[in-house]
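Enquirer: mind looking at a prediction? Sequence and model below.
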Amino acid sequence: MKVRTRYAPSPTGFQHIGGLRTALYAYLFAKKQEGTLVLRIEDTDQKRFVEGTEEYIIECLNYLSIKPDEGVSYGGDFGPYRQSDRKDIYPEYAQQLLDSGNAYYAFDTPDELDAMRKRLQASGSSIQQYNAITRGEMKNSLTVSAEETKSFLDSGKYVVRFKLPENETVFVKDEVRGTVEFNTNQLDDKVLFKSDGMPTYHLANVVDDHLMEITHVIRGEEWLPSTPLHVLLYKAFGWDDEMPSFAHLPLMLNPDGKGKLSKRTGDKLGFPVFPLAFDHPTTDQSSNGYREMGFIPDAFTNFLAFQGWNPGDDKEILDREQLIANFSLERVTKAGVRFDFSKAQWYNEEYLRAMDNEDLADLIIRSKPEGYEVSRENLIALTEMMKARMTFPQDFWEQAKYFFSTPSEYDGKTVRSKWKEENKEHLKTLCDKIVNLDSFKAENIETCIKGFIEEHGLSFGNILLPVRLMLTGVKGGPSVFEIAEILGKEEVAKRFESAQKTFDEMQAAV
């Protein structure tokens, strides 16, 4: 059977990067197997629906070029792919479970359910759920008369619950965790269908996976406790032989390893937990995103792939085709993964430095501040010089600001240590020699400066550093010879004159 995976998010909140990792793994697995990725929107919980999140989810997938083969916005032969558009399908399957005795009607009010849990808690019972042990004491079609059942159904105040077998071990074969065992006495008779005509996640999920011929369910670890119910549902429907393989991915943890990666932690430590920026339509909640921070899509894809998986060797930089070729569920880790924002930055730096200068210049120009004017030719040249010092494309403008304006501030400590009488006259003489060169090319400037240092037996540090400071205002950066060439003779002469005057004033003020 052809491999079919699905990514099935709920539009109840904005896309967490943990969810996007699930989509990425489902995509990589499907592509590795020459299979199909389906995008299904699971919007059965209409009360928690957030306007705009469906579009946000699709835009997140586009950001990382995760293109589903079927689904919402993509079409296909197994639609509709939005559960609210499929609601006429589910009553038939709920009725099938009722008819087979695998489900029953329940009429308990929220207060009665709360009272049951408190009663069990007070008695010291380890089981505080609605299941084979407790359902006999509750108000449902198994305990009330047929006449009362009809009355409740006519009033529309009911739900359909799955009837778990008592004290039975359910074996879940997981592609990541091996075989996991669950005892039904520790599980809940979950609600499958509500009187408003909408299924819950559990029923809709299983029915849709079956009807869409999903072969592999790849999802987060938080869904593992629900999987025994899903296995029992497949068996109750008689779909044992068509049950998909399950793979539950490890949690993405906060950097300290304590708890699931949260927005609160990200806000505190200065990084987002959402792929794209958003403003919540009904609250004042907002967040920055990795795209807006300047993360290159391929770099973020590579980073995200390694958040719970590795290829089994020491290679860390893998392009998309290499990720697909190497990906396997067997290499997914069981343990939670501590999120490392510095590693994400490292990936971005590596990908940025490997980019073609013209392509990187196209990214850089998108963030150009007002007042900065530069030709494309010069921008490409500057990109080559500055890329080793950048984490994000927009860093260029801060790192290269001295190319666009004369420095107004200088490092006082360096000026005081280098602009001393024994160096000052040498530096002034050298500056005159530089600006009087006939050919103002980097190699000629380098020859002039190094020759002057050797001729006078001077220290490179005492000469090159103050020359750099006069031209840029900062102590570090690319080749000072190349900087001078790009600035040009006239600008270099102006900066030498201005800096020398300022240095004299700074020393006089000591």
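Expert: Received, thanks.
Enquirer: buried residues in the one helix or strand M116 maps to?
Expert: Using DSSP states H and E, M116 maps to helix 110-122. With burial defined by 16 or more other Cβ atoms under 10 Å, the residues of helix 110-122 counted as buried are 116, 120. All C-beta atoms are positioned from the backbone trio N, CA, C, and that covers glycine.
Enquirer: starting at the chain centroid, how far to that helix?
Expert: 40 Å (Cα atoms, centre = their mean, to the nearest Å).
Enquirer: need the contact list for H248.
Expert: 174, 176-177, 219-221, 223-224, 227 (Cβ atoms under 8 Å, 6 or more residues apart in numbering).
Enquirer: hmm, 7 Å instead?
Expert: Applying Cβ atoms under 7 Å, 6 or more residues apart in numbering to H248 gives the contacts 174, 176-177, 219-221, 223-224.
Enquirer: repeat for W397
Expert: Per Cβ under 7 Å, 6+ apart, neighbours of W397: 367-369, 372.
Enquirer: quick one: the host helix or strand of it to chain centroid distance?
Expert: Assigned by DSSP H and E, W397 belongs to helix 395-399. Computed by Cα atoms, centre = their mean, the chain-centroid distance of helix 395-399 equals 25 Å.
Enquirer: check stretch 343-363 too.
Expert: Counting by Cα atoms, centre = their mean, stretch 343-363 is centred 18 Å from the centre of its parent chain.
Enquirer: measure it end to end?
Expert: 21 Å (Cα to Cα, to the nearest Å).
Enquirer: buried residues, that stretch. List them.
Expert: 344-345, 347-349, 351-352, 355, 357, 360-363.
Enquirer: list the contacts of it.
Expert: 295-296, 298-299, 302-303, 317, 376, 379-380, 383-384, 387-388, 390-393.
Enquirer: what about it, average pLDDT?
Expert: Stretch 343-363 carries an average pLDDT of 97.
Enquirer: SS state for K2?
Expert: coil (DSSP: H, G, I helix; E, B strand; the rest coil).
Enquirer: for it, give its distance to A344.
Expert: 34 Å (Cβ to Cβ, to the nearest Å).
Enquirer: returning to that earlier point: kindly reformat the buried residues of stretch 343-363 as TSV containing distance to S65.
Expert: Formatted as TSV, those follow (distance: Cβ to Cβ, whole Å):
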residue	distance to S65
A344	18
Q345	21
Y347	16
N348	16
E349	21
Y351	14
L352	18
M355	16
N357	22
L360	18
A361	21
D362	17
L363	16
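Enquirer: nearest to T200 among the residues you listed?
Expert: Taking Cβ to Cβ as the measure, T200 lies nearest A344 of the buried residues of stretch 343-363, at 35.9 Å.
Enquirer: how does this structure divide into domains?
Expert: 4-72+251-338, 87-249, 355-392, 412-508 (automatic domain parsing).
Enquirer: first-to-last residue distance for the longest one?
Expert: The reference is to domain 87-249. Per Cα to Cα, the first residue of domain 87-249 is 29 Å away from its last.
Enquirer: and that domain, what's its mean pLDDT?
Expert: Mean predicted confidence for domain 87-249 is 95.
Enquirer: go on, the last one?
Expert: Confidence over domain 412-508 (mean pLDDT, whole number) is 93.
Enquirer: how far away from the center of its chain is that domain?
Expert: 46 Å.
Enquirer: check the first one too.
Expert: Relative to its parent chain, domain 4-72+251-338 has a centroid offset of 5 Å by Cα atoms, centre = their mean.
Enquirer: end-to-end on it?
Expert: End to end - Cα to Cα - domain 4-72+251-338 spans 30 Å.
Enquirer: so H230 is in contact with V207, correct?
Expert: No: the pair H230 / V207 is not scored as a contact, 10.6 Å apart, by Cβ atoms under 7 Å.
Enquirer: list the contacts of stretch 115-129.
Expert: Residues contacting stretch 115-129 (Cβ under 7 Å, 6+ apart): 133-134, 138, 185, 188.
Enquirer: what about 8 Å?
Expert: Residues contacting stretch 115-129 (Cβ under 8 Å, 6+ apart): 108, 130, 133-134, 137-138, 185-189.
Enquirer: quick check, nearest of those to R264?
Expert: Taking the contacts of stretch 115-129 together and measuring to R264 by Cβ to Cβ, the closest member is D188, at 29.1 Å.
Enquirer: give the contact list for H456.
Expert: So H456 contacts H426 (Cβ under 8 Å, 6+ apart).
Enquirer: quick one: the nearest residue to A388 once chain neighbours are set aside from R389, how far?
Expert: In space, and not counting its chain neighbours, A388 is closest to R353: 6.1 Å by Cβ to Cβ, 6 or more residues apart in numbering. Distance from R353 to R389, counting by Cβ to Cβ: 10 Å.
Enquirer: ditto for Q15
Expert: Taking Cβ to Cβ, one finds Q15 at 32 Å from R389.
Enquirer: neighbour-wise, which of the two wins?
Expert: Using other Cβ atoms under 10 Å, the more surrounded residue of Q15 and R389 is Q15, with 24 against 16.
Enquirer: tally of neighbours for P165?
Expert: 14.
Enquirer: SS state for it?
Expert: coil.
Enquirer: nearest spatial neighbour of it, skipping sequence neighbours?
Expert: P165 sits nearest to T184 (Cβ to Cβ, 6+ apart), 5.5 Å away.
Enquirer: mind listing what the nearest residue to A103 once chain neighbours are set aside touches?
Expert: Computed as Cβ to Cβ, 6+ apart, the closest residue to A103 that is not its neighbour in sequence is L97, at 3.7 Å. If you count contacts by Cβ under 8 Å, 6+ apart, L97 has them with 103, 160, 162, 192, 233, 236-237.
Enquirer: phi and psi next, for L97.
Expert: Note on L97: its backbone torsions stand at phi -70, psi -40 [degrees, to the nearest 10].
Enquirer: follow-up on the earlier one: tabulate the contacts of L97 (JSON lines), appending neighbour count.
Expert: Formatted as JSON lines, the contacts of L97 follow (neighbours: other Cβ atoms under 10 Å):
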{"residue": "A103", "neighbour count": "25"}
{"residue": "V160", "neighbour count": "25"}
{"residue": "F162", "neighbour count": "24"}
{"residue": "L192", "neighbour count": "26"}
{"residue": "L233", "neighbour count": "24"}
{"residue": "A236", "neighbour count": "19"}
{"residue": "F237", "neighbour count": "18"}
